[in-house]
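**Q** Test case, fold it:
(2 chains)
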Amino acid sequence: MEIPHTVTARPDTGLYNAKLAIWLFLASEVMLFGGLFSAYVFLRMGADDGYWPHGLLDVPIGTLNTFILVSSSITIVLAWASLKMRQWARHKLYLGITIALGVLFLCIKLGYEYPAKFKHFGVFIKKDSWSKYEDYLGNDHLKEAGLPPRPEISGHLHEVEIDATDADRPLLDNLIKRRDLVVLKSEEDGKRLTLKVNSPSDAEALRNALGAITNPEEQDPAKVQRKEPGVKMVAFEMALDEVNADPKNPKFDYPSFILRGLTEKTATIHAEDVDWWSAFYPKHSAYFAVYFLITGLHGLHVLGGIVVFTYFFFFGHKIYRRNPEQQANRIEVVGLYWHFVDLVWIFVFPIFYLL
Amino acid sequence: MATAEITHEHHDHDHGHGHDDHHELAFWEKYIFSQDHKVIGIQYAITGLAFLFLGFCLMMLMRWNLAYPGTPVPYIGKFLQAFFNFGGSHVFTDKDGVPGVLTAEGYNTFGAMHGTIMVFFGVVPVAVAAFGNFVMPLQVGAPDMAFPKLNMASYWTFFVSCVIMMSSFFVAGGAAKSGWTSYAPLSVITDNGQHFFSGQTVWLLGMVFNITGSLLGSINTIATAIQLRAPGLTWMRLPFFVWTQLVTAFLLLLAFPPLEAAGFMQLMDRAFDTSFFMPTGLIVNGHLTQWNGGGSPLLWQHLFWFLAHPEVYVLILPAIGMVAEIIANNTRKPLYGYKAMVGGIFVLGFLSFVVWAHHMYMTGMGTKVAGFFQTTTVMISIPSVILVTALLLSLWGGSIRFTTPMLFATAFLPMFGIGGLTGIPLAFNAVDLYLHDTYYVIGHFHYVVAPGTIFAIFAGVYYWFPKATGRMMNDALGKLHFWLSLIFINGIFFPMFIQGMAGVHRRWFDGGIQYEQIITPVIYWNKFMSVSAFLLGAVQFVFIFNFFASIWRGRKVPNDNPWDATTLEWDTPTPPPHGNFIKEIVVYRGPYEYSVPGADKDFTPQSEPPKAEKLPTTAPIGVTPAPAH
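**A** From the prediction side, this is the model:
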């Protein structure tokens, strides 16, 4: 049994099977990312004034990544063209460059961009308490200028002050030891502690690890069981981002393409004034949720392309010897996919980094 | 018969060439990890039919609760309790020391899983994947699907999704219980926070695999129908079933990914506490929830229904395709308005992408949006009516053979008609506000998918069974199965319209006994419907017995074309070998050349060369007397 049109085109459609299939697959991918992008639009349109952050991503690095990905799209076309001209050595060179560029893209994304976000920390201040933190938020100034308010103070978390009960102590001590936290101050018989933390994830661990279920015996799903924190946050001490260090400066009224740095200035924020705090994790805000989901899925697509290209790099020659046209087709099909991945990035870059 | 002899002759002839694929395949390659589209089709059919029965059983347990609230399930209650409570969930409970009383939580679980199983693990795998895999490549004259390995991958991806979904019954807290629609925020907060693998999370993982399998399968279907058509099989010569599979595959291909995206988002909401679907300041049981907020529950509904409305047409289109094949074959007439029907399903497919929010009139999304979707919804009834009318007119003047498949196909028309027509009031915003979330809606869509699609599936099974096994299913048992099923299925679903118009809510546990004063005039229907359901369940054993008995003991097919059909699948040996056709297939005519005036028999297979070619004459064809054989 032989399936027709696996290598040569069917005359009336002008396509070989895999080429049609990859276009269909890309159509479904368009719908997948279309669904994600429409979620982005939906969430952004629904966000309250000032709650859709700007200027938190590194535009020069994003531009570099855009350049890398676009270049890889060019090299893969060259790889395909060399196969069409039956120049295996050149094909391998271009294919190798494509793989290297793809890997470089992922390294920048996973090695620099994501970790930088995970180290960053933000607190959303309750509306009623905005006036208390006017020095960091500058909302009066923004109101005068007719701009949306600034509800968040961000920077790097240095210290947390917590309240703990005696029942929590064994767990808490364990956590302090395991995470290498330093107890800076201990008051009220050790029930109020000030801890030096290494990253926001330590604060997350304090919040989560000691969470207890209020009603573990509850059978009725409508009465949802929830975490009741055993450790209560009292205050955060953090080094401020430039924006929060000098919030009334007009140069911070609009987001800049150059990522704003950290300052030496620190601030203490009381937990009672905080609506929500988190590192720049997906749960930080709808913005980071959709950012991490889309760039994460896009990264997986890049990884998938790299895996297939690497397979072709090492094992493609077997089919090339038997039927060079078939290997050219395989590169063409995966190349189309690669262009699509590139195209997705062309949408990702402006909507997250620039808009 | 002549055709049979000819094919066998060719078979011997072909053998001499010694194809490279004639080597013996090991058992696991032939029947388990098979790349043969027919084996994969049968795998889908068996899995899907098993799931249909499982989904039906869950529904029977719910119906027991509705008719006999607070009463233990008789005989098997103890077993059910041990089984479903195994993972530490609370599906069944004791009453007065007797085990087997369905709890409210269990009722919700079964409701959610009944819907999920029936739609994604029952009907779609059978109607789309099984028949699409087995019949469609044969009908286009292809040796296999365009990508056999991909085909195998889709089945096994689907199989993994089945295992995941079934395992959710045994995780702590039990399976998903937020409805098959999994509306946020309920679906996000349910069972959240205690265990990573709670029912809803497993449901989402299962759906991601299920969707991936569907996507791979639909790419394969489209590529096969477009690329592997036999020579001469032009577009307008395609059997109608192939058209329906083609449009269905496009719907799956384009509608499923947004749900996959939404599934990822809900997974993140559950696993990483993101707030895609969680509104700001959500309070549950007097406590502020642990989500930041800023998300939108409406977003889930939009993404979900963007899939789930086209999904309705995914369920119904292959059914219409099968019914069309069977009606043409058993009326011995061409389909009435074949081209209009093909146009109809394309319009249907397109419009099905722009009607989704008619499921969301109750959400307060705004009158302008509702007005738009109301208009498109009314528009989509036009191609639907074209299809049903064309099928109905196809019966006109035919000398109908009421074989078992034909009985099911004929019953499909009024049943689907009831389902469709009761949908029209629901299209209108004002009426829907009253009827939404009542049993009226349940009755409406079950008429479309149960006596509609599932009857068509039965028709298809009876019709193509001889091709798959080489034996006929028993006709007397088939007719018994048909008539009893028809009676009982109406006994279940028709009273739902009565109850629904009286205001019985579709999600009431215990048969709405707490609201007895409101629904007293209609509450007695609960028992009638439940008993009908149990009887319908019992009748299915006739089918199951017939199915398995016929595989081994059924009457052998008299020839390769026992129904005297015209389409290409009947040109293969029975059952078809790997590679399908043992002669060169060339198509000379349209799909339904039944009772052609002047032909020597009442059907002319698509692959039969025209007689005019054999005549060494220049005279006009109409004038030439038919040559005597």
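
**Q** Pretty sure residue A:184 sits against residue A:176.
**A** No - Residue A:184 is not in contact with residue A:176 according to CB atoms under 8 Å; the separation is 11.5 Å. (Each C-beta comes from the backbone N, C-alpha and C, glycine too.)

**Q** Figure out how far stretch B:451-467 is from the centre of its chain.
**A** Counting by CA atoms, centre = their mean, to the nearest Å, stretch B:451-467 is centred 11 Å from the centre of its parent chain.

**Q** I'd like to know how many residues surround the closest residue to residue B:137 other than its chain neighbours.
**A** Closest residue to residue B:137 apart from its sequence neighbours, by CB to CB, 6 or more residues apart in numbering or on different chains: residue B:37 at 5.1 Å. The number of residues packed near residue B:37 is 28, by other CB atoms under 10 Å in any protein chain shown.

**Q** before we move on, what about residue B:507?
**A** 12.

**Q** One more: the one 10 residues further on?
**A** Taking other CB under 10 Å as the neighbour definition, residue B:517 ends up with a count of 6.

**Q** Check which helices and strands the helix or strand hosting it is in contact with.
**A** Assigned by DSSP states H and E, residue B:517 falls within helix B:516-523. In terms of contacts (3 or more CB pairs under 8 Å, 6 or more residues apart in numbering or on different chains; DSSP states H and E), helix B:516-523 is packed against helix B:475-501.

**Q** how many degrees apart are the helix it packs on and helix B:516-523 in direction?
**A** 150 degrees (axes from the mean of the first three to the mean of the last three CA atoms, to 10 degrees).

**Q** buried set for helix B:475-501?
**A** For helix B:475-501, burial by neighbour count (16 or more other CB atoms under 10 Å in any protein chain shown) applies to B:477-478, B:480-482, B:484-486, B:488-497, B:499-501.

**Q** any idea how far it is from the chain center?
**A** Its chain's C-alpha centre and that of helix B:475-501 lie 18 Å apart, by CA atoms, centre = their mean.

**Q** Also stretch B:36-48?
**A** 14 Å.

**Q** picking that back up, okay, and the common contacts of residue A:184 and residue A:176?
**A** Between them, residue A:184 and residue A:176 share these contacting residues under CB atoms under 8 Å, 6 or more residues apart in numbering or on different chains: residue A:195.

**Q** Quickly note the distance from the closest residue to residue A:83 other than its chain neighbours to residue B:144.
**A** Spatial nearest neighbour of residue A:83, excluding adjacent residues (CB to CB, 6+ apart): residue A:328 at 4.2 Å. Using CB to CB, to the nearest Å, residue A:328 is found at 24 Å from residue B:144.

**Q** for chain A, what are the nearby residues on the stretch 101-250 of chain B?
**A** B:103-105, B:108, B:142-144, B:146-148, B:150, B:173, B:177, B:189-194, B:215, B:218-220, B:222-223, B:226-228 (CB under 8 Å from any CB of the partner chain).

**Q** So which of those residues sit within helices?
**A** If you go by DSSP state H, those have B:104-105, B:108, B:148, B:150, B:189, B:215, B:218-220, B:222-223, B:226-227 in helices.

**Q** does residue 321 sit in a helix, a strand or a coil?
**A** Using chain A here. Secondary structure for residue A:321, judged by DSSP: H, G, I helix; E, B strand; the rest coil, is helix.

**Q** you looked at the wrong chain, it should be chain B
**A** Secondary structure state of residue B:321, per three-state DSSP, is helix.

**Q** which SSE is the spatially closest residue to residue A:77 that is not a sequence neighbour in?
**A** Spatial nearest neighbour of residue A:77, excluding adjacent residues (CB to CB, 6+ apart): residue A:335 at 6.6 Å. Element membership for residue A:335, per DSSP H and E: helix A:324-348.

**Q** buried residues in that helix?
**A** Neighbour-count burial for helix A:324-348 flags A:326-345, A:347-348 (criterion: 16+ other CB under 10 Å).

**Q** residue in the stretch 301-450 of chain B nearest to chain A?
**A** residue B:303 (5.7 Å; CB to the nearest CB).

**Q** Centroid-nearest residue for chain A?
**A** The residue lying closest to the centre of chain A (CA atoms, centre = their mean) is residue A:292, at 3.2 Å.

**Q** That one and chain B, how far apart?
**A** 8 Å (CB to the nearest CB, to the nearest Å).

**Q** That residue belongs to a helix, doesn't it?
**A** Yes - using three-state DSSP, the secondary structure at residue A:292 is a helix.

**Q** Identify the residues contacting the residue lying closest to it once chain neighbours are set aside.
**A** Spatial nearest neighbour of residue A:292, excluding adjacent residues (CB to CB, 6+ apart): residue A:282 at 4.4 Å. Residues in contact with residue A:282 (CB under 8 Å, 6+ apart) are A:288, A:289, A:291, A:292, A:293, B:268, B:272, B:274.

**Q** The fifth one contacts residue B:262, correct?
**A** No - because the distance of 10.9 Å does not satisfy CB under 8 Å, residue A:293 is recorded as not touching residue B:262.

**Q** Compare those two and say which is more crowded by neighbours.
**A** Neighbour tally, residue A:293 and residue B:262, criterion other CB under 10 Å: the higher count belongs to residue B:262, 27 against 22.

**Q** I'd say the more buried one and residue B:308 touch.
**A** No - at 10.5 Å, residue B:262 does not count as touching residue B:308 under the criterion of CB under 8 Å.

**Q** Now do the strands in chain A.
**A** All strands of chain A, identified by DSSP state E, fall at A:121-125, A:152-163, A:182-187, A:192-196, A:212-213, A:227-228, A:232-241, A:262-270, A:274-279.

**Q** Serialize those strands to TSV and add fields for mean neighbour count.
**A** What follows is these, written out as TSV (neighbours: other CB atoms under 10 Å in any protein chain shown):
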stretch	mean neighbour count
strand A:121-125	25
strand A:152-163	22
strand A:182-187	12
strand A:192-196	18
strand A:212-213	12
strand A:227-228	15
strand A:232-241	20
strand A:262-270	15
strand A:274-279	20
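
**Q** wait, which of these is closest to chain B?
**A** strand A:274-279 (4.7 Å).

**Q** Relative to chain A, how far out is the nearest residue to residue B:39 once chain neighbours are set aside?
**A** Distances taken as CB to CB, 6+ apart place residue B:31 nearest to residue B:39, at 6.3 Å, with adjacent residues excluded. Look at residue B:31 and chain A: by CB to the nearest CB, they are 17 Å apart.

**Q** Any idea how many residues pack against residue B:31?
**A** 13.

**Q** One more: the one 3 residues further on?
**A** By the criterion of other CB under 10 Å, residue B:34 has 20 neighbours.
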